[in-house]
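A.B. asks: Structure of the sequence below:
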Amino acid sequence: MQRYESYKASGIQWVKEIPGHWGVERAKWLFNRMERSIRPEDGVVTAFRDGQVTLRTNRRTEGFTNAIQEHGYQGIRKGDLVIHAMDAFAGAIGVSDSEGKATPVYAACVSRGEYPVNSYFYAYLLRYMAHSGYIESLSKGIRERSTDFRFAEFRELPLPIPSKDEQDRIVTFLDQKTAEIDAAIAKKELLIDLLQEQKGILINHAATRGLNPNVPMRSGLEWIEQAPAHWETFPLKHVSTVQSGLTLGKSYPPSQGVKSYPYLRVANVQDGFLDLTKITQVNLPVREAKNYFLQTGDILVTEGGDIDKLGRGNCWYGEIDECLHQNHVFAVRMTRKVLPEYVSLITGVAYARRYFTTTANKTTNLASTNKTKLGNLPLFVPPEEEQKEILAYCNDIKAKFEALTKNVVKEIAALKEMKSVLITESVTGKIKI
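C.D. replies: Numbering: from 1, shown residues only. Modelled structure (predicted):
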């Protein structure tokens, strides 16, 4: 990439130098904030953190907070440079592709006409400022413990001004290159999905049919089509006990011998692993805490929440002394016949996921199981030695696919870094477009 012939000190805090022929002016001389009336047909426009500004209905319809009364809503027009004051620090800045309305927390900006302005160029520039952390540092300097970045702050920012032709060329270049990089990232993300799917197929086959393709099979089973004829079938409750967890919120006087204990939440029980990076403490009398202690070999199973959190199972090996568990996490304790690791494996295979989903108590976007339904989870269990063989095979599969996935994740990170550098160097004039 070429550089410009000459550079000069920018006088701008977040960029040391800019091309010698670029100008600098405060944003208030480039943009006006528009405050338009809304129209009956206007839908709600949202600025997303990836820079897209569009009607909510163009993107998704769930997960938003909707106002009961639309106080202060304003009109948004296609081509407006839109800044979300509360989310600008995370990149919620872009040019609207839609006509609609938005809350007062948005600033709809248009060119004053006195200086050359391509709004898409300044959207790229402002998003660079957001991702570099500058907008967050600026807003926190104005309002302690706040990430507000309102038009009053934006209008005072000095901004570089390339010629209109340069702005247009930079936008065209970045649109093309970022689209190419995004397409490459999407392909690699699809590859990760395919790797996860293939891993799931192999593990599901091993956990429900075994490793020997020549063993006799039996049919007519509930939840799965076939299982090896010599495998036993029984509900989880016949070979385990299920310990409910601690319900939070109760306070105890010091006279009861209260002590602080670590306890696990749903967030600690992930899909296929335990995340112990953040452990919460709870105060509890010693005699009551003993009812909720985890034991080595317990299988931690999540009660629910989002559908993907329903019935996740992982083994506990005493990683933290005197650790308790929240009431939304069950502790399944095996009493005979089945290895805890094997039951943990089963909770993640296709038929068990289908069982939990089918039997769950469901509300909008949420699902949960209970102690009775968990106890009725059907197990298809081989002899112990075969359980060990299947576990070893599945652990090997997981390790191989994890290594493949890590490589793809590194490639995605490199592409994202390439995209970031390309945008940075283009909008700050480090390279000549």
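
A.B. asks: Next one: residue 190 from residue 285, what distance?
C.D. replies: 52 Å (Cβ to Cβ, to the nearest Å). (Each C-beta comes from the backbone N, C-alpha and C, glycine too.)

A.B. asks: Neighbour count: these two, which is higher?
C.D. replies: When residue 190 and residue 285 are compared for neighbours, residue 285 comes out ahead with 15 against 11, by other Cβ atoms under 10 Å.

A.B. asks: Was I right to think that one contacts residue 254?
C.D. replies: No: taking contacts as Cβ atoms under 8 Å, residue 285 lies outside contact range of residue 254: 9.9 Å.

A.B. asks: how about low-confidence regions in the stretch 1-150 of the chain?
C.D. replies: Filtered on pLDDT under 70, the stretch 1-150 of the chain yields the residue ranges 60-70, 139-147.

A.B. asks: So which residues of it form helices?
C.D. replies: 56-59, 119-131, 134-142 (DSSP state H, counting those that start in this stretch).

A.B. asks: Please apply the same query to the stretch 151-300 of the chain.
C.D. replies: Going by DSSP H, counting those that start in this stretch, the stretch 151-300 of the chain shows helices at 151-154, 164-209, 286-289.

A.B. asks: I'd like to know which of these is closest to residue 85.
C.D. replies: Checking the helices of the stretch 151-300 of the chain against residue 85 by Cβ to Cβ gives helix 151-154 as the closest, at 7.8 Å.

A.B. asks: Can you list the neighbours in contact with the closest one?
C.D. replies: 27, 31, 33, 83, 85, 107, 109, 138, 139, 142 (Cβ atoms under 8 Å, 6 or more residues apart in numbering).

A.B. asks: Now it: buried residues?
C.D. replies: Of all the residues in helix 151-154, those buried under the rule 16 or more other Cβ atoms under 10 Å are 151, 153, 154.

A.B. asks: Out of those, which comes closest to residue 294?
C.D. replies: residue 153 (49.4 Å).

A.B. asks: And that closest one, how far from residue 138?
C.D. replies: Distance from residue 153 to residue 138, by Cβ to Cβ: 7 Å.

A.B. asks: Residue 320 now?
C.D. replies: 41 Å.

A.B. asks: Compare those two (neighbour count), which wins?
C.D. replies: Each of residue 320 and residue 138 has its neighbours counted (other Cβ under 10 Å); residue 138 has more, 20 against 15.

A.B. asks: Surely that one is in contact with residue 149?
C.D. replies: Yes: the criterion here is Cβ under 8 Å, and residue 138 meets it with residue 149 at 7.0 Å.

A.B. asks: Enumerate the beta-bridge partners assigned to the residue nearest to residue 42 when sequence neighbours are not counted.
C.D. replies: Leaving out its chain neighbours, the residue that sits closest to residue 42 by Cβ to Cβ, 6 or more residues apart in numbering is residue 101, at 4.1 Å. Beta-bridge partners recorded for residue 101 (DSSP bridges): residue 44, residue 75.

A.B. asks: Could you report the neighbour count for residue 101?
C.D. replies: 21.

A.B. asks: wait, doesn't it sit right on residue 40?
C.D. replies: No: with contact defined as Cβ under 8 Å, residue 101 does not reach residue 40; the gap is 10.3 Å.

A.B. asks: residues in contact with stretch 170-182?
C.D. replies: 118, 120-121, 124, 162, 415-416, 418-419, 422-423, 426-427, 433.

A.B. asks: ok, 6 Å please
C.D. replies: 118, 120, 121, 124, 415, 419, 422, 426, 433 (Cβ atoms under 6 Å, 6 or more residues apart in numbering).

A.B. asks: Check which residues of that stretch are buried.
C.D. replies: Buried, per 16+ other Cβ under 10 Å, within stretch 170-182: 170, 171, 174, 177, 178, 181.

A.B. asks: Can I get that stretch in CSV? Just the C-alpha atoms.
C.D. replies: Taking C-alpha atoms only, stretch 170-182 is exported to CSV below (Å, rounded to 0.1, in the frame of the first residue of the first chain):
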residue,chain,number,x,y,z
ILE,A,170,-11.9,5.2,0.8
VAL,A,171,-15.5,4.2,1.3
THR,A,172,-15.6,2.2,-2.0
PHE,A,173,-12.3,0.5,-1.1
LEU,A,174,-13.4,-0.4,2.5
ASP,A,175,-16.8,-1.6,1.4
GLN,A,176,-15.2,-4.0,-1.0
LYS,A,177,-12.4,-5.2,1.2
THR,A,178,-14.5,-5.5,4.4
ALA,A,179,-17.2,-7.4,2.5
GLU,A,180,-14.5,-9.8,1.2
ILE,A,181,-13.1,-10.3,4.7
ASP,A,182,-16.6,-10.7,6.2
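
A.B. asks: could you give the mean pLDDT of it?
C.D. replies: Averaged over stretch 170-182, pLDDT sits at 97.

A.B. asks: Any idea how many residues pack against residue 3?
C.D. replies: The number of residues near residue 3, taken as other Cβ under 10 Å, comes to 12.

A.B. asks: next one: phi and psi at it?
C.D. replies: For residue 3, the backbone dihedrals (degrees, to the nearest 10) come out as phi -110, psi 160.

A.B. asks: Please tell me how far it sits from residue 17.
C.D. replies: Counting by Cβ to Cβ, the separation of residue 3 from residue 17 is 11 Å.

A.B. asks: I'd like to know how far the closest residue to residue 339 other than its chain neighbours sits from residue 333.
C.D. replies: Nearest non-adjacent residue to residue 339, counting by Cβ to Cβ, 6+ apart: residue 387, 5.1 Å away. Using Cβ to Cβ, residue 387 is found at 17 Å from residue 333.

A.B. asks: So for the two, which sits in the more crowded spot?
C.D. replies: residue 387 (20 against 15).

A.B. asks: Quickly find the element holding that one.
C.D. replies: helix 384-427 (DSSP states H and E).

A.B. asks: what's the angle from that helix to helix 164-209?
C.D. replies: Between helix 384-427 and helix 164-209, the angle comes out at 180 degrees (axes from the mean of the first three to the mean of the last three Cα atoms, to 10 degrees).
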